[in-house]
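Asker: A structural model of the following input is requested.
(one chain, ligands or ions: 2)
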Amino acid sequence: MTTQEITKFQELVYTTKVETVMATNVVVLTPTMSMAEAKELMELKRISGAPVVEGDKITGIVTMSDVIRVMEQGNLHTPLTDNMTTQVKTVLRDASVMEAVQNLGRQGYARLPVVDHDGRLVGIVTTSTIMIALLREMEVSFQKKEAERLQTYRASHIFQDIASDDTSLILRFVVGEKDFDNAGKASSMIKKSLLRLGVPPPIVRRVSVAVYEAEMNLVIHTDVGGEIIVDIRRDRLKLSAVDHGPGIENLQQVLQPGYSTAPQWIRDMGFGAGMGLANIKRCSDLMTMLSEPGGGTRLEIAFSFGDEARRVGTKI
Ligand SMILES: Nc1ncnc2c1ncn2[C@@H]1O[C@H](COP(=O)(O)OP(=O)(O)OP(=O)(O)O)[C@@H](O)[C@H]1O
Ligand SMILES: [Mg+2]
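Answerer: Ligands and ions are numbered 1, 2, ... in the order given. I've put the predicted structure just below:
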């Protein structure tokens, strides 16, 4: 196991809930049983202990060591309730697996009944149910990582695999006006795609900030939303945020840091500091804005991918 895998395992122990790792087909004993009947049922089900349940409450627990003790005393036909442990250690279904592990390990319990907030039995955990479930979770997370790695590999080779004098990849996103539920989705999809394409992370971070500000301006300031178009080439990226209104009266004014026409309700949501366009300018290699009052606005942003692109004289 590598260090990274151990960390992942530890992380799972802390972040996974007991209900994910518990067995739900719990074998239970009833208070009317004798110890002999408890022994028989546990042998039949191949288990070494089981909770005693009355109605939906746990009233005790009986283990094979209780059975052996009672058998040695010749008391196997006495009621189970005379011989069970009544102080039952349980664990809540939404507790972390860590809590169960600590009780199973340090406190020496072999099994812990799992209860909901009303104290009802909902499952049981043992070291083996935990191990099996966590290994399954590890497998799922490994497969997800592999799929992401494969996608990244495929996407990062697109410019090598496609033969042309100049390959360009165009991504389009529709941005709805005042659609705060979906605001930020275009920028997060662009970020993901650029990382998969192998664009250096520091550049992706700058693009993300710029495109997020551009997307929010379409959401907040337009009448009917707009469109974000990303044109990606091997050595550079161009981004346009286009809308059809209301347009801007004074471009010089809106480019001033701190200038905003955002109404109070937008400011109450944490926007409207008048810093969006200034941020875009700061993060990008080139920014131009065209607008017509009553018409629309077109914001163009460009990023170069590195020194090599500049050296060969690529025009942005
Ligand atoms: N697409 C657009 N259509 C019309 N007006 C716009 C558009 N984009 C920006 N503006 C105008 O430019 C102003 C400044 O924009 P900027 O992004 O810098 O700040 P903001 O959006 O007001 O606040 P912040 O971005 O800090 O939340 C806006 O208040 C708005 O008047
Ligand atoms: Mg803004």
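Asker: Next up, the contacts around whichever residue of the stretch 151-300 of the chain sits closest to ligand 1.
Answerer: At 2.2 Å from ligand 1, G276 is the closest residue in the stretch 151-300 of the chain, using Cβ to the nearest ligand atom. Using the backbone N, CA and C atoms, a C-beta is placed for each residue, glycine as well. By Cβ atoms under 8 Å, 6 or more residues apart in numbering, the contact list for G276 reads 213-214, 216-217.
Asker: Flag every residue of the protein that's near ligand 2.
Answerer: With Cβ under 5 Å from the ion as the criterion, the chain meets ligand 2 at residues 217, 276.
Asker: what are the ranges of the helices in the chain?
Answerer: 3-15, 18-21, 35-45, 64-72, 80-83, 97-105, 127-156, 158-161, 185-196, 201-221, 251-254, 264-268, 276-283, 307-311 (DSSP state H).
Asker: Give me the helices and strands touching the third one, please.
Answerer: With contacts taken as 3 or more Cβ pairs under 8 Å, 6 or more residues apart in numbering; DSSP states H and E, helix 35-45 sits against strand 49-54, strand 57-63, helix 64-72, helix 80-83.
Asker: One more pass at 6 Å, please.
Answerer: Judged by 3 or more Cβ pairs under 6 Å, 6 or more residues apart in numbering; DSSP states H and E, helix 35-45 is in contact with helix 80-83.
Asker: for this protein, what are the low-confidence residue spans?
Answerer: Within the chain, the segments meeting pLDDT under 70 span 1-6, 307-316.
Asker: again, only this time at 80
Answerer: Residue ranges of the chain with pLDDT under 80: 1-9, 105-108, 306-316.
Asker: Could you list the domains of it?
Answerer: The chain resolves into domains spanning 3-132, 164-311 when parsed by automatic domain parsing.
Asker: export the ones you listed to CSV and tack on distance to L150?
Answerer: Converted to CSV, those look like this (distance: least, Cβ to Cβ, whole Å):
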stretch, distance to L150
domain 3-132, 18
domain 164-311, 10
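Asker: in this structure, what residue is nearest ligand 2?
Answerer: G276 (2.6 Å; Cβ to the ion).
Asker: Greatest separation within the contacts of G276: which pair is it?
Answerer: A214 and M216 (7.4 Å; Cβ to Cβ).
Asker: The two: which has the busier surroundings?
Answerer: Higher neighbour count among A214 and M216: A214, with 27 against 20, using other Cβ atoms under 10 Å.
Asker: Test my guess that that one contacts A241.
Answerer: Yes - assessed by Cβ atoms under 6 Å, A214 is found in contact with A241 at 4.0 Å.
Asker: Now do the shared contacts for the two.
Answerer: Common contact partners of A214 and A241 (Cβ atoms under 6 Å, 6 or more residues apart in numbering): L299.
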